[in-house]
Structure formats: structure tokens, C-alpha cells
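>>> next one to model:
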Amino acid sequence: MRQKEVLAFFFTFLLEQGAQPGYREIGEAMGFANRNGAKGHIYALVKKGWLGFPEHRGDSRSMRILRQPDGTPFAGLRFLTTPTLENLLP
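This is a model prediction of the structure:
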């Protein structure tokens, strides 16, 4: 359940700020004691195929978004089919 919340926050932050959140922003928003909690959830989302690491490892702001929270493939912000927070989680 927390992974869905992290993914929803990730997309909301991206839509509102125009950039991906860092581990610190995710951790603060989710109430984690430190950024390792955010890292754990991000790694789990990568493992499940929702997010992907870039070819050249960088910081969290260079992650690839593979699927939208509704499960459809992500083709970039221009093609986002769930543009509002209300539609992010099924």
C-alpha cells in the first residue's frame, strides 16, 4: 500500500513541479525517518516494473517512468492519461 502512495506522490510531484522528486522529498512527504525508506520503496517499484533506473546510474531524478499508476505504459507527460491526482490510484 505504501508503494502505491509513493508512486502517487512521484507522479503528483512530477505533474506539479515538472521534475521528479528526490529521495529526500519522497521521504519527507511519506513521513519516513530518513531517505533510506524512500529508497526501499523506489527499489521495490523498480523491481515490480513501475519505475526504471537509467542506463548510467545517477540520482533519483533521472529515473525512467515505465508505467502510470493506472498500469498503462508511460509515454511522457504529453501523453499522460491520468493528469489529476484523483485518477492516479485505481
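
>>> with only the CA atoms kept, save the helix or strand harbouring F10 in PDB.
Assigned by DSSP states H and E, F10 belongs to helix 2-17. Provided in PDB are the C-alpha atoms of helix 2-17 (Å, rounded to 0.1, in the frame of the first residue of the first chain):
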ATOM      1  CA  ARG A   2       2.800   2.400   0.800                       C
ATOM      2  CA  GLN A   3       4.300   1.700  -2.600                       C
ATOM      3  CA  LYS A   4       1.100   3.000  -4.200                       C
ATOM      4  CA  GLU A   5       1.400   6.100  -2.100                       C
ATOM      5  CA  VAL A   6       5.000   6.600  -3.100                       C
ATOM      6  CA  LEU A   7       4.100   6.100  -6.800                       C
ATOM      7  CA  ALA A   8       1.200   8.500  -6.500                       C
ATOM      8  CA  PHE A   9       3.400  11.100  -4.800                       C
ATOM      9  CA  PHE A  10       6.100  10.600  -7.500                       C
ATOM     10  CA  PHE A  11       3.500  11.300 -10.300                       C
ATOM     11  CA  THR A  12       1.900  14.200  -8.400                       C
ATOM     12  CA  PHE A  13       5.300  15.800  -7.800                       C
ATOM     13  CA  LEU A  14       6.200  15.300 -11.500                       C
ATOM     14  CA  LEU A  15       3.000  16.900 -12.600                       C
ATOM     15  CA  GLU A  16       3.100  19.800 -10.200                       C
ATOM     16  CA  GLN A  17       6.800  20.600 -10.300                       C
END
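
>>> which of the residues in it are buried?
Going by neighbour count (16 or more other Cβ atoms under 10 Å), the buried part of helix 2-17 is V6, L7, F9, F10, F11, T12, F13. Quick note: C-beta positions are derived from backbone N, CA and C, even for glycine.

>>> and the residues you listed as JSON lines, adding distance to F32 and pLDDT?
Below are those laid out as JSON lines (distance: Cβ to Cβ, whole Å; pLDDT from 0 to 100):
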{"residue": "V6", "distance to F32": "10", "pLDDT": "90"}
{"residue": "L7", "distance to F32": "15", "pLDDT": "88"}
{"residue": "F9", "distance to F32": "11", "pLDDT": "90"}
{"residue": "F10", "distance to F32": "14", "pLDDT": "88"}
{"residue": "F11", "distance to F32": "18", "pLDDT": "83"}
{"residue": "T12", "distance to F32": "17", "pLDDT": "85"}
{"residue": "F13", "distance to F32": "15", "pLDDT": "88"}
